[in-house]
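> Give me the fold of what follows.
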Amino acid sequence: MQKTSDTNNYLDDLKEYQDKQYLPGYYVGGKLPLALKYPTRRLGWVFLVFGLFMAVVLLIAMITGGSSDSWLSTAENIGLPTVFLVLYVLIGLRLITKKRPE
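Residues are numbered from 1 along each chain as shown. Next comes the predicted model:
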């Protein structure tokens, strides 16, 4: 019985999204688009790929840290990409390991 109400909620939200997707400012007041309200495991894999990309960028930056041409050449510029790397990996793992409703 729970599965039917979840499906009905999703279909109602989909109908609302289709009706109001072109209204400017509709999703600003606390309403979430469907991709954020009902995330899938596929989105988790996308975040993990972004995290892997950030890890490669950071590794290259650490290896070539002495060159002045790189925008990641100093230690203070490595902090923000590291934060994004950790966030991407944590969000990706959270979405992948999330239990699906049955």
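
> care to break the chain down by domain?
1-37, 39-102 (automatic domain parsing).

> can you give me the helices in this protein?
With DSSP state H as the criterion, the chain has helices at 2-20, 34-37, 41-63, 79-97.

> Could you pull up the mean pLDDT of the second one?
Spelled out, that is helix 34-37. Taken as a whole, helix 34-37 carries a mean pLDDT of 76.

> center of the chain, which residue is that?
residue 47 (5.2 Å; CA atoms, centre = their mean).

> and that one, what does it touch?
88, 89, 91, 92, 95 (CB atoms under 8 Å, 6 or more residues apart in numbering). Every residue, glycine included, has its C-beta placed from N, CA and C.

> And for it, nearest residue in space, chain neighbours not counted?
Among residues not flanking residue 47 along the chain, residue 92 sits closest, at 3.4 Å (CB to CB, 6 or more residues apart in numbering).

> for that neighbour, what are its contacts?
44, 45, 46, 47, 48, 50, 51.

> now swap in residue 88 and tell me
Residue 88 sits next to 47, 48, 50, 51, 54 when contact means CB under 8 Å, 6+ apart.

> same thing but 6 Å
Residues counted as contacts of residue 88 (CB atoms under 6 Å, 6 or more residues apart in numbering) are 47, 50, 51.

> Return the distance of it relative to residue 38.
Look at residue 88 and residue 38: by CB to CB, to the nearest Å, they are 20 Å apart.

> And for residue 27?
On the measure of CB to CB, residue 27 and residue 38 end up 14 Å apart.

> go on, residue 16?
With CB to CB as the criterion, residue 16 and residue 38 are 13 Å apart.

> for stretch 26-38, the distance to its chain's centre please.
Centroid displacement of stretch 26-38 relative to its chain, using CA atoms, centre = their mean, to the nearest Å, is 14 Å.

> What of stretch 41-49?
7 Å.

> in it, what counts as buried?
Neighbour-count burial for stretch 41-49 flags 43, 44, 47, 48 (criterion: 16 or more other CB atoms under 10 Å).

> can you dump the C-alpha coordinates of it into CSV?
Taking Å, rounded to 0.1, in the frame of the first residue of the first chain, the C-alpha atoms of stretch 41-49 are listed here in CSV:
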residue,chain,number,x,y,z
ARG,A,41,21.5,6.1,-7.9
ARG,A,42,22.5,7.4,-11.3
LEU,A,43,22.9,10.9,-9.8
GLY,A,44,25.2,9.3,-7.2
TRP,A,45,27.4,7.9,-9.9
VAL,A,46,27.6,11.3,-11.5
PHE,A,47,28.8,12.8,-8.2
LEU,A,48,31.4,10.0,-7.8
VAL,A,49,32.7,10.7,-11.3
